[in-house]
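>>> Just the structure for this:
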Amino acid sequence: MKSFLFLLFSLIYFYTPVISQPASHFTVRYYTTENGLPSNGVKGLQWEEKTGFLWIATEAGIVRFNGIDFKSYTKENTNYVQSERIQYLTRNYKNEIYAADQVGTVLGIRQNKVFYIKTLLPDKETDGFNSSGIVVSEQFLDTKQKDKDIRSYAIGFHKFLPLTDTSLLIIKNNTLYLNTISVNGSRSLDFAGIKIKTGFILNNKYFLVTDKNELYNFETVSKTIHPVPFSGPAFITSLLKDGKATLLWEIGQENPIILYENFAWQLVFDGEKIISEDICNAVPTGILFQHVLYSKEKKLLFLGTNSKGLIVISSNKVQPAKNKHIEGDERNAYYSQIELSNGNILTNEGHIIGTKPVSSEPLPIEGKFGFNISKTGDSLLWYSQYETDIKFNTLHSYNFRTAITKNYSKIKSAVHFVITLKNNKTIVLNETGLGELQDDSLHYLFLFGEKKLKNIPSDLVETEPDKVAFAVRDVILSFNTSSLKLDTLLQEENLYPRTLFWYKDYLFVGTYGKGFYIIKGNKAKAMPLDKNKFLLYTHCFMPDKLGYCWMSTNRGLFKVKLDELLNAFDKNINTVYYHYLGKNDGMDMTEMNGGCTPCAIALKKGTLSFPTMDGLLWVSPEQANILLPEGELYIDEVLADNKKVNIDSLSLKNLGFNTREIKFYLGFSAWCNKENIYIDYKLNNDAEWTPLNTTNGAVIQFNNLPQGKYVLQIRKLNGFGINNYSYRKIEFTINTPWHKTWWFYTVCMLLLLALISLYFRLRTKQFKQRQKKLEKQVTEKTKELLQKNEVLEKSNSINTRLISIISHDIITPLKFLTVAGKSLQEKRSQMPEELQQETISEMANTSQELQLLSTNILNWIKYQNENRRLLKETFNLHELVQQVLGILQSLAKQKKLMIENLVDEKVEVNQFYEPLKILIYNLLTNAIHFTEKGAILVDAVVGDGYITVSVKDEGIGMTPEKIKSLMADQVVISSANVDNKKGHGLGYLIIKDLLKTMGATLHIESKKGEGSKVSIRFDLQKTNSFTA
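Numbering: from 1, shown residues only. Next up, the predicted model:
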């Protein structure tokens, strides 16, 4: 057998690879960090056919790809992801998906989510993590944590083939090992020196590839191997034999993949031999592919690269067809087309497009022709063509049987629509009107000019026997060719109809800018459009044999089920599934052409051919592998005020009443183009479903919902079929605020009653308190009036005494001065010198006493001003006393008295400067006044927080009664008696007022005939201001 294989390999070594489809039949899409993939290094791939999700391991976290959007699971959004450097993605024996990061966190993947499994402890010897056992089962992983042998193998470096959920095969260093959960260490399996390079599982069979690239089947029971034949193109066998092709397979992968240059194949097993099947010939070269997966169902090839991101290759659903030999000045935009006998297509530009060699047979039309052609019967072709001799377009016909072309030179028009009715009448519609073809002329049955219609016809179809429907600029008309009756089916300004299609008594109307309509009887309905409203510009309706209708537009091609359209028309349903095909499906140019007849043609092989602005577009309804948006709808996460809410927990059932924003993030498979995703939702009993805009992700958002219970219903259209939806329902509650609950209202009622009761009690109490307050105010006012009256009486008494002082102590001395002065003036010559000196001395003393008395009166009046505001200041007490002594020194010298300033020169006080100065001035004037000889001492003693200023004299002194009188609250001002040296008390009245201002106290020590010591005491620091 081996010799036979070797001979076979040698014979086919130089075969050239051939694949059934050209590379243009595939679309290659690249995904990198520039368009959504978080990292260009792919560490693993796993495809979930059931959910339609591709899971990707990267160095920036685990990524889920649905065909449109990437969703990443990172440390920022997934709290159990400890490191974003993912080591691998793999499956276990039960086909469950697992991943692990570089710090030992094992993660599981189920349906649409990633979840936490466990965190492995580091190996004490290597300080690393090894979770290879997860390829078997979680139980195997836990049991084998202490097995040093299994820890020496690593996913991605060695090949693992799980046999059961407790055992596996391992390929390392060209040796096959067996490891079971019950035995520590691995047992090598020897096959007579055959070296095993790799292996794979296919149809539940285990296959091994040797170092010589030979295939063997491994028997799991007997632990033996036997060769397996390979059936496929010879060159593939050669490539495998020589190691030029790369065989890729991972656990859970249904079929191994072979890559060579641009080619990719999958291996299948028919029970006897392994067979290769074509996948594509569009694999990019020069790229290191580490992971390859293939979806048979969706015909998608996923290629994970080492540093260039993800590549997805899909088979095209449509095929552009272009004139490869077009000159630079020729148009490549086509309209009308004719299928030739060999399957090629003749376009209105005179170009032949197709895969077959150009035939030598004559063409039905030579040169360019008009946009509108039609076939009648089984052999006649009608078209318009420009005639150079008359310089006008005329109607032509070509007979395929006789190959004869006829020119109807009498029928001049650039636009001709020709049909043959069931009664064999040939009806022609042109810019003039509608008529019946008779011989070489047109007999008009209807003229646009007579009906004052804008003569821009666009299509003509037969609807019933003897009846046709045709379209002009603003109206769709029905005309009976026998009765000549004209009916209006649909009229709308600037309707611009492009095409008409008659199907089962329904007339389809495609317009340029206003969507499409269906008309039946007297009912005309504008049909629902696609989500992007591309169908506003509907160019063509092309039915196929499978019950679908293909509709071309300015932005791509749509496929729709005809029965769904009729059901939507009959039942006024506003939702129809239109499947969009565009760039991702193989279209080079999505702008398709209309305004021509036929708007598209069905080729003999079943392919539909549509004109576009850049060649033709072919689609095979039977072979186009259209991917529908089928699959489950998942809720990825719920955010309430940007905080995650577990959808399965009670927290979603009771959201706070102050919740301002709720977001529901949806997950779904979307390999069908984003234009084909139709998701609607409604909240509670909303009458209509609200379409969800999925342009920037599928997120349903609600803001400022009031309190209450809510049911959110979500549906996703899964493709063709009436009511073909996947549904999801979520119930949640916005809690009622505490201030809106029944118990709160009850408490409020009770509180209201209590407040009313309290109000009356308080009002009653308030009235009583007000009464007491008024009584108190009356008492206080009465007392205040009495005090003021007392003050007034006192003031009146003082004023009376002042008047007495002024009238006696001021007026009398002034009279004395006047009399003495006059006597001295008049009798000076008669008076002895001694008497003159005595008189002058008495006059000086009297003047001085008047001065002192006047000063005291002024100072007393000055400090009776109640609005006078004083400010404290810091000053030197010694200097202040020295200033006062400077004023009174002359007075003391007259009496031969000595005044000493004993105040320390360093003493600083913070006090009212002027009041203190006046106070000391009065104390000194009193001392001088009542002292005839001796000394007067001024001193200051600083204590703990206070200072005492004293004035001591050796004068006449005071009796205790006099001291008591002076210290009393009311000082009696008496008239002075100069002879007896009695004071009138005004100086002490000023002193006591100033003491109040300064916050000081007065103390008098005196004995009759021995002098007096008057002391004032005040704090060193007190308030800085005082209002008199």
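
>>> Check what contacts stretch 152-160 and list those residues.
Identification of contacts with stretch 152-160 by Cβ atoms under 8 Å, 6 or more residues apart in numbering yields 43-44, 87-88, 90, 130-132, 135, 168-172, 198-199, 251. From N, CA and C alone the C-beta is placed, and that goes for glycine too.

>>> swap the cut-off to 7 Å and go again
Outside stretch 152-160, the residues within contact range by Cβ atoms under 7 Å, 6 or more residues apart in numbering are Tyr88, Thr90, Asn130, Ser132, Val135, Leu168, Ile170, Ile171, Lys172, Thr198, Gly199, Ile251.

>>> what's the answer for stretch 888-895, then?
For stretch 888-895, the external contacting residues (Cβ under 7 Å, 6+ apart) are Gln848, Ile899, Leu924, Thr925, Ile928, Glu932.

>>> Please check those residues and keep the buried ones.
Ile899, Leu924, Thr925, Ile928 (16 or more other Cβ atoms under 10 Å).

>>> got JSON lines for these, with distance to Gly957 and pLDDT too?
As requested, these are arranged in JSON lines below (distance: Cβ to Cβ, whole Å; pLDDT from 0 to 100):
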{"residue": "Ile899", "distance to Gly957": "18", "pLDDT": "90"}
{"residue": "Leu924", "distance to Gly957": "17", "pLDDT": "87"}
{"residue": "Thr925", "distance to Gly957": "17", "pLDDT": "84"}
{"residue": "Ile928", "distance to Gly957": "15", "pLDDT": "86"}
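
>>> Max pairwise distance over these: which two?
Within those, two members stand farthest from each other by Cβ to Cβ: Ile899 and Thr925, at 11.2 Å.

>>> Pretty sure Asn574 sits in a strand.
No - according to DSSP: H, G, I helix; E, B strand; the rest coil, Asn574 belongs to no strand; its state is coil.

>>> Is Val560 bridged to anything, and to what?
Beta-bridge partners for Val560, by DSSP bridges, are Cys549.

>>> Could you tell me how far it is located from Met527?
10 Å (Cβ to Cβ, to the nearest Å).

>>> Remind me which helix or strand the most far-flung residue of the chain relative to its centre belongs to.
Distance to the chain centre peaks in the chain at Gln830, reaching 121.3 Å (criterion: Cα atoms, centre = their mean). For Gln830, there is no helix or strand it lies in under DSSP states H and E.

>>> and the closest residue to Pro691 other than its chain neighbours, which of the three is it?
Of all residues not flanking Pro691 in the chain, Asp680 sits nearest, at 5.5 Å (Cβ to Cβ, 6 or more residues apart in numbering). Using three-state DSSP, the three-state assignment for Asp680 comes out as strand.

>>> just to revisit the earlier point, ranking the contacts of stretch 152-160 by neighbours, who comes first?
Leu168 (27 neighbours; other Cβ atoms under 10 Å).

>>> I'd like the distance between the residue lying closest to Thr33 once chain neighbours are set aside and Ser609.
Once flanking residues are discounted, Thr33 sits nearest to Asn40: 5.7 Å by Cβ to Cβ, 6+ apart. For Asn40, the distance to Ser609 equals 41 Å [Cβ to Cβ].

>>> Repeat that for Asn203.
Taken as Cβ to Cβ, the span from Asn203 to Ser609 is 41 Å.

>>> ok, these two, which is more surrounded?
Remark: of Asn203 and Ser609, Ser609 carries more neighbours, 23 against 12, as counted by other Cβ under 10 Å.

>>> check which helix or strand covers that one.
strand 608-611.

>>> With just CA atoms, put that strand into CSV.
Output of strand 608-611 as CSV, limited to C-alpha atoms (Å, rounded to 0.1, in the frame of the first residue of the first chain):
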residue,chain,number,x,y,z
LEU,A,608,-30.7,36.4,-13.6
SER,A,609,-28.8,39.2,-15.4
PHE,A,610,-29.2,42.8,-14.2
PRO,A,611,-27.8,45.9,-15.9
